[in-house]
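Participant: how does the following fold in three dimensions:
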Amino acid sequence: MWHRIRWWVGQLRQRLWVRPVIYAAIAWAAVATAAVADRLLAEDLVPHFAPETLEDLLAIIASSMLAVATLAVASMVAAYASASATATPRAFALVVADDVTQTALSGFIAAFIFSIVALTAVKTRSYGPVGLFVTFTCTILIFAMVIMLFLRWVDRIARLGRRGSTIDRVEQAARAAIDDRRRHPRLGGVTAVAPWPDGPRVHGDDIGYVQSIDMAAIQMCAETASVRVRVDALPGAFVGPGRTLASLDAHTADDAAVMRRTASAFIIGDDRTFTTAPRFGLVTLAEISGRALSPAVNDPGTAIDIIGTLVRLFARWAAPADDAVSGQFDRVAVPELSADDLFDDAFTAIARDGAFTVEVGVRLQKAFASLALVGDYPFRRAAIRHAGLALARAERALTLPHDLELVRALATAVAHIGQPGSSAPCLLVARE
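Facilitator: Predicted coordinates for the structure are as follows:
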């Protein structure tokens, strides 16, 4: 229950309307504070202000904030459209969740609401001298806040929605998800025994993507029923009728109740999320590179930049985590993410769409060489396998023998990495 509540609160924070509502409530509270101050403080403790002075100042803020808020919304819509058109629609959620933009829009709306409500109160003579002083002080503070927000927003909106900025945001989201999975390689569970006993299988009624799993709820259910549970659908997996969410290792006195409680621990939604699915960030980066390599765009430089981004992310994935947590839920077995799946998500589309471009092929082979030198054996095996696949695609696409020979030489060097006496790293360095 608490996991689901925390999950929905975290998702709610990314909604565009939440922060403006909170800031609007703060604006109303500031106006109410001025009314309360009239009853708590003596008039001779504060300087007196003419109501007309405050009315003019509030009228200026009200008229200007409405125009600025309208401009902010129009600029944000244009940035969102640009992100979807130049990068990928999958990155839209990250652009919408931009903190600086949301804070700026919320501040503009809050300043508009405060000025309208306060102006109404001043014109109706609802404030005494203390209330006018408090309102004037709040107005000056809000005016200073608006200036700071506007300056930050102008700097951010100039880059928001651009392909480079979108790639950076996707990389940040993917890195955060990778770091979280490195700390919890099995989501706090344990390694599944092989072979797993043939027990009841848990299926869900919802169709969509697994967004989160309440491991504590599954652990409690397994302890109560004295069984062990293996998670078969990790966050990011698409589930539907017939897709197994989890498997029990034995039958219980009430299989139906146990399976129902286990299925309820899976939060399933219409879309994948960057926070819990590291593979989604890799897929999104691959989609951006695919659009850049399309004949309509023809921008291999962006694809090369994304290959460098992927190398950084994979190197981070291969590095051991000092604060890794495993075995917290000893009755829940969770498989780790496969290196082959990660490489398939990240590099298959780039190798396919960039097979016709020699510079992309060369950069891919160098990336695979770098990744083959880090991590464990499955990591090296996946890098070498994809180097061979990229070469096979290049052999079908490249027409100039010189270009093909260059890619083939690099792929051959990658294939020999890790073998005794291999000089592949030296060959790769020599071709830089």
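
Participant: measure the residue lying closest to Thr273 once chain neighbours are set aside to Thr275 for me?
Facilitator: The shortest distance from Thr273 to any residue other than its chain neighbours is 5.2 Å, reached at Gln211 (CB to CB, 6 or more residues apart in numbering). Where C-beta positions appear, they are placed from N, C-alpha and C, glycine not excepted. Computed as CB to CB, to the nearest Å, the Gln211 to Thr275 distance reads 9 Å.

Participant: with Ser370 instead?
Facilitator: Ser370 is 27 Å from Thr275, by CB to CB.

Participant: also Thr101?
Facilitator: Thr101 is 19 Å from Thr275, by CB to CB.

Participant: sec struct for the residue nearest to Thr273, please.
Facilitator: What DSSP: H, G, I helix; E, B strand; the rest coil gives for Gln211 is strand.

Participant: confidence score at it?
Facilitator: pLDDT for Gln211: 93.

Participant: contacting residues around it?
Facilitator: Taking CB atoms under 8 Å, 6 or more residues apart in numbering, we find Gln211 in contact with Trp7, Pro235, Ile267, Ile268, Gly269, Asp271, Arg272, Thr273, Thr276, Ala277.

Participant: tell me how many other residues crowd the second one.
Facilitator: Other residues lying near Pro235 total 23 when counted by other CB atoms under 10 Å.

Participant: contacting residues around stretch 218-230?
Facilitator: Stretch 218-230 is contacted by residues 192, 196, 199, 202, 231, 246-250, 252-254, 258, 261-262, 265, 329-335 when judged by CB under 8 Å, 6+ apart.

Participant: buried residues of it, list them for me.
Facilitator: Ile218, Gln219, Cys221, Ala222, Ala225, Val227, Arg228, Val229, Arg230 (16 or more other CB atoms under 10 Å).

Participant: again, but for stretch 292-310
Facilitator: Buried, per 16+ other CB under 10 Å, within stretch 292-310: Ala292, Leu293, Asp299, Pro300, Thr302, Ala303, Ile304, Asp305, Ile306, Ile307, Thr309, Leu310.

Participant: can you redo those residues as JSON lines with distance to Ile26, pLDDT and secondary structure?
Facilitator: Putting the buried residues of stretch 292-310 into JSON lines (distance: CB to CB, whole Å; pLDDT from 0 to 100; DSSP: H, G, I helix; E, B strand; the rest coil) gives the following:
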{"residue": "Ala292", "distance to Ile26": "42", "pLDDT": "91", "secondary structure": "helix"}
{"residue": "Leu293", "distance to Ile26": "47", "pLDDT": "92", "secondary structure": "coil"}
{"residue": "Asp299", "distance to Ile26": "44", "pLDDT": "91", "secondary structure": "coil"}
{"residue": "Pro300", "distance to Ile26": "48", "pLDDT": "93", "secondary structure": "helix"}
{"residue": "Thr302", "distance to Ile26": "41", "pLDDT": "93", "secondary structure": "helix"}
{"residue": "Ala303", "distance to Ile26": "45", "pLDDT": "94", "secondary structure": "helix"}
{"residue": "Ile304", "distance to Ile26": "46", "pLDDT": "95", "secondary structure": "helix"}
{"residue": "Asp305", "distance to Ile26": "41", "pLDDT": "95", "secondary structure": "helix"}
{"residue": "Ile306", "distance to Ile26": "40", "pLDDT": "96", "secondary structure": "helix"}
{"residue": "Ile307", "distance to Ile26": "45", "pLDDT": "96", "secondary structure": "helix"}
{"residue": "Thr309", "distance to Ile26": "38", "pLDDT": "96", "secondary structure": "helix"}
{"residue": "Leu310", "distance to Ile26": "42", "pLDDT": "96", "secondary structure": "helix"}
